[in-house]
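*Asks:* Pasting a predicted model and its sequence here:
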Amino acid sequence: QVQLVESGGGLVQSGGSLRLSCAASGRSVSINAMDWYRQVPGKQRELVATITSGSNTNYAASVKGRFTITRDNAKNTVYLQMNSLKPEDTAVYLCHANVGGPVSWGGTRNYWGQGTQVTVSS
């Protein structure tokens with residue numbers, strides 16, 4: 001099994017910064033792409049940023065230039081540095097990982113973290 005554990009959420013004023021972390025744990029697996037999503041009640045889950053195992057990145061237009069996704073492959077950890085935060089960034093942020101495992105899996109699997117709340121006050 002693979003577990004994703006997020007940390008770093010909290011309450012911040014508009015214009016402030018937060019750094020989210022997501023650590024993946026599991027035996028005999030390879031962590032492929034990792035992503036950050038965010039969820040607001042009543043709205044569709046939104047893909048915020050993606051980073052491949054080779055550290056290629058992609059961002060939602062709404063966060064480009066303000067958020068930076070990075071990863072430490074040695075620690076199987078992905079980070080999301082969020083700067084110039086706005087009230088509309090308020091959401092539960094969820095970590096997602098695409099994971100490769102043993103042949104018995106028949107392919108890759110997708111795992112989610114439990115989510116961490118980010119609240120930006122105006």
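*Replies:* That came through fine. Treat the numbers as computed from the prediction; the structure is a model and nothing was measured.
*Asks:* So Asn73 sits against Ile51, correct?
*Replies:* No: counting by Cβ atoms under 8 Å, Asn73 does not reach Ile51; the two are 10.2 Å apart. To be clear about C-beta, it is placed using only N, CA and C from the backbone, and glycine gets the same treatment.
*Asks:* Of all residues in this protein, which one is nearest the centre?
*Replies:* Taking Cα atoms, centre = their mean, the centroid of the chain lies closest to Trp36, which sits 2.6 Å from it.
*Asks:* per-residue confidence at the residue located most distally from the centre of the chain?
*Replies:* In terms of distance from the mean C-alpha position of the chain, Ser104 ranks first, at 27.2 Å (Cα atoms, centre = their mean). The model reports Ser104 with a pLDDT of 90.
*Asks:* One more: Thr70?
*Replies:* In this prediction, Thr70 carries a pLDDT score of 98.
*Asks:* Which strand residues bridge the residue nearest to Thr57 when sequence neighbours are not counted?
*Replies:* The spatially closest residue to Thr57, leaving aside those adjacent along the chain, is Ile51, at 5.0 Å (Cβ to Cβ, 6 or more residues apart in numbering). Beta-bridge partners for Ile51, by DSSP bridges, are Met34, Thr57.
*Asks:* Sounds good, over and out.
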